[in-house]
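In: pasting a predicted model and its sequence here:
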Amino acid sequence: MEADELRHLKVDKTVDARGVACPGPLLEAKRAVASVPLHGVMEVISSDEGTTEDVPLWAKKVGHEYLGTVPEAGIWRVYLRRGK
Amino acid sequence: MTDISEVAAHEAVVSGSESDDGGPHGFSMVVFSGDLDRQIAAFIIANGAAAMELPVTMFFTFWGLNALRRDGPVPIANPKTTVEKMFGRMMPRGAEKLKLSHLNLGGLGTRMIKHEMEKKHVLDLPHLIQTAREQGVHLVACTMTMDLMGIRKEELLPGIEFGGVGTMVFASDNSRSTLFI
């Protein structure tokens, strides 16, 4: 999805993992996804660039849909749709 | 003939489930080193693998066991020999006491890296261990090296599992990857 579409998504849950180092954002995403309704959207905000690779790969591995990433100044917003 | 219930019991101790395609699915590690940096790496990988929903087994042997020791002396059931006591005193007691493999500089380097980790919000080793346990990572202590170095079960963190090379090979055989750290 394009950045504009991502920005206008209805987000069911935001995980603010700014300032947390690897593997923190991944672990927080894993923990939080349980409280997202099925097919709902989760946003993960991270200041660790590795998150932009880790979270999509994790999503693919465990069955969530990766929607895209919006980079901002020093942070990244990663969007997922809960798949299971 | 192998008793099925025995196999099932082993299955519970180590990660051994199969993936949808029927192949091995787990992730296993031999943690041999007691160096702080190597232990941090091992536990970050274990936490990542567990987050990926892989069944993870970490098998601790030799110096690696020291990360699982409780902090401070613990009352033990059977008295130790002099050599066992010496080992016990000379080796680091627990995750907080481990040293860097490089640039330890008599403890200064280790203190500096811990300070930097705190400043940069990297989880410290005790928290990495705690998180791994919360995620269901199996921590297995090698009973042979425990015996060799005089480390008793009661001296290790609660909830640690115990096994020998068979346990480790079983976990590895059910894994796509096995690391030796």
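Out: Cool, got the structure.
In: now do the helix or strand that contains residue B:167: distance to the chain's middle.
Out: With secondary structure defined by DSSP states H and E, residue B:167 is part of helix B:165-173. Offset of helix B:165-173 from its chain centre (C-alpha atoms, centre = their mean, to the nearest Å): 14 Å.
In: quick check: angle from the following helix or strand past it to helix B:165-173?
Out: Per DSSP H and E, the first helix or strand lying C-terminal to helix B:165-173 is strand B:175-180. Here strand B:175-180 runs at an angle of 130 degrees relative to helix B:165-173 (axes from the mean of the first three to the mean of the last three C-alpha atoms, to 10 degrees).
In: check the gap between the residue most central in space within chain B and residue A:23 for me.
Out: Within chain B, the residue whose C-alpha comes closest to the C-alpha centroid is residue B:60; the distance, by C-alpha atoms, centre = their mean, is 4.3 Å. Spatial separation of residue B:60 from residue A:23 under the definition C-beta to C-beta, to the nearest Å is 20 Å. The way it works is simple: take the backbone N, C-alpha and C, and place the C-beta from them, glycine included.
In: so the residue nearest to the centre of chain B touches residue B:43, yeah?
Out: No. Taking contacts as C-beta atoms under 8 Å, residue B:60 lies outside contact range of residue B:43: 11.3 Å.
In: which parts of the chain are helices?
Out: Went with chain A since none was named. A:3-7, A:24-33, A:51-62 (DSSP state H).
In: could you do chain B instead?
Out: Under the criterion DSSP H, chain B carries helices at the ranges B:4-13, B:36-51, B:82-90, B:108-119, B:125-134, B:143-149, B:165-173.
In: list the buried residues of the shortest one.
Out: It refers to helix B:143-149. Neighbour counts using 16 or more other C-beta atoms under 10 Å in any protein chain shown place B:145-146, B:149 of helix B:143-149 among the buried residues.
In: ok, whichever residue of chain B sits closest to chain A - how many residues close by?
Out: Relative to chain A, the nearest point of chain B is residue B:122 (4.2 Å; C-beta to the nearest C-beta). Counted with other C-beta atoms under 10 Å in any protein chain shown, residues neighbouring residue B:122 total 19.
In: okay, the residue nearest to it when sequence neighbours are not counted: pLDDT?
Out: In space, not counting the residues next to it along the chain, residue B:122 is nearest to residue A:21; the distance is 4.2 Å by C-beta to C-beta, 6 or more residues apart in numbering or on different chains. At residue A:21, the pLDDT value in this model is 90.
In: hang on, residue B:176 packs against residue B:49?
Out: No. Using C-beta under 8 Å, residue B:176 is not in contact with residue B:49; the gap is 10.1 Å.
In: show me what from chain A comes close to chain B.
Out: With the criterion set to C-beta under 8 Å from any C-beta of the partner chain, chain A comes near chain B through A:19-24, A:26-27, A:30, A:54, A:57-58, A:61-62.
In: quick one: buried ones out of those residues?
Out: With neighbours counted by 16+ other C-beta under 10 Å, these contain buried members at A:20-24, A:26-27, A:30, A:54, A:58.
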